[in-house]
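1. No letters, just coordinates:
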């Protein structure tokens with residue numbers, strides 16, 4: 001019987017690769033996306049389109065009410081999105097307090113309900129400097145808790161935890177993936193800005209892989 005897994009799928013290039021990695025691993029995938037009050041839903045639209053094309057069961061869950069509690073992030077509040085690389089200190093404004101712990105907890109609950117053994121999570125080394133909830137120690141501790149939080153143990157599985165976005169894209173290109181239906185930019189305009197940390201890291205990944213990013217950029 002094919003093993004069931006839940007994939008946290010934002011619609012970005014990392015989670016898109018994770019989704020396809022799970023499928024390539026032979027898993028029966030349940031994709032789970034969250035509307036947590038981010039400034040745009042372009043990623044979610046991409047996620048829905050991809051899951052429909054792959055015939056993957058997909059839920060988009062509205063948890064925007066949590067923004068009454070989680071203030072101070074440029075991704076959700078009336079704060080300008082910073083420009084620059086993820087290594088720059090100003091990128092800390094993109095941290096949403098406790099976001100990934102909340103999303104992982106909900107995904108684990110969903111995994112228990114559909115009898116899935118794993119939750120696939122797209123943390124990677126490029127996020128370690130700015131995002132504490134993408135670091136190996138956080139993922140390891142969450143995995144420990146999720147082994148005992150229910151009668152059914154659920155593993156938090158991060159296939160790219162110790163590699164960079166460059167390596168994630170390498171794996172995706174080796175799988176023959178088309179990244180035209182992914183969205184990474186923190187801004188929700190018609191074209192990607194090319195200046196925010198998310199865009200810069202994405203463009204760097206394509207450059208290092210000697211590949212052309214299929215999405216359109218401003219300028």
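-> Perfect, I can see it now. Treat the numbers as computed from the prediction; the structure is a model and nothing was measured. Numbers count the residues shown, from 1 in each chain.

2. hey, which strand is longest across the protein?
-> strand 28-35 (DSSP state E).

3. tell me which residues in the next helix or strand after that strand are buried?
-> Using DSSP states H and E, the helix or strand that follows strand 28-35 towards the C-terminus is helix 42-54. If you call a residue buried by 16 or more other CB atoms under 10 Å, then helix 42-54 has these buried ones: 42-44, 46-48, 50-51. All C-beta spots, glycine's among them, are computed from the backbone N, C-alpha and C.

4. likewise stretch 135-153?
-> Neighbour count says stretch 135-153 has 135, 138-139, 142-143, 146 buried, by 16+ other CB under 10 Å.

5. chain center to the helix or strand in which residue 20 is found: distance?
-> Using DSSP H and E, residue 20 sits within helix 13-24. Relative to its chain's centre, helix 13-24 lies at 10 Å (CA atoms, centre = their mean, to the nearest Å).

6. measure stretch 107-125 end to end?
-> 22 Å (CA to CA, to the nearest Å).

7. which parts of it are buried?
-> Neighbour-count burial for stretch 107-125, counted by 16+ other CB under 10 Å, picks out 107-108, 110-112, 116-125.

8. which other helices and strands contact whichever strand or helix holds residue 111?
-> Residue 111 is part of helix 99-114, with elements assigned from DSSP H and E. Counting contacts by 3 or more CB pairs under 8 Å, 6 or more residues apart in numbering; DSSP states H and E, helix 99-114 is packed against strand 4-8, strand 28-35, strand 118-120, helix 136-146.

9. What's the local residue count around the closest residue to residue 172 other than its chain neighbours?
-> Excluding its sequence neighbours, the residue lying closest to residue 172 (CB to CB, 6 or more residues apart in numbering) is residue 17, at 4.2 Å. A count of nearby residues for residue 17, using other CB atoms under 10 Å, gives 27.

10. and residue 17, how far is that from residue 32?
-> The spacing between residue 17 and residue 32, counted by CB to CB, to the nearest Å, is 16 Å.

11. Now do the phi/psi pair for the closest residue to residue 64 other than its chain neighbours.
-> Closest residue to residue 64 apart from its sequence neighbours, by CB to CB, 6+ apart: residue 37 at 4.2 Å. Recorded main-chain torsions at residue 37 are phi 90, psi 20, according to degrees, to the nearest 10.

12. can you check residue 62 too?
-> Dihedral pair for residue 62: phi -80, psi 110, per degrees, to the nearest 10.

13. tally of neighbours for it?
-> By other CB under 10 Å, the residues close to residue 62 number 9.

14. Ok, the one 4 residues further on next?
-> As a burial measure, the neighbour count of residue 66 was computed by other CB under 10 Å and equals 16.

15. where in the chain is pLDDT low?
-> Applying pLDDT under 70 to the chain flags residues 39, 70-96, 126-130.

16. let's go with 80 and repeat that
-> Scanning the chain for pLDDT under 80 picks out the ranges 1, 37-40, 66-98, 126-131, 188.

17. Direction included, what does the longest strand of the chain pair against?
-> strand 4-8 (parallel), strand 58-62 (parallel) (DSSP bridges).
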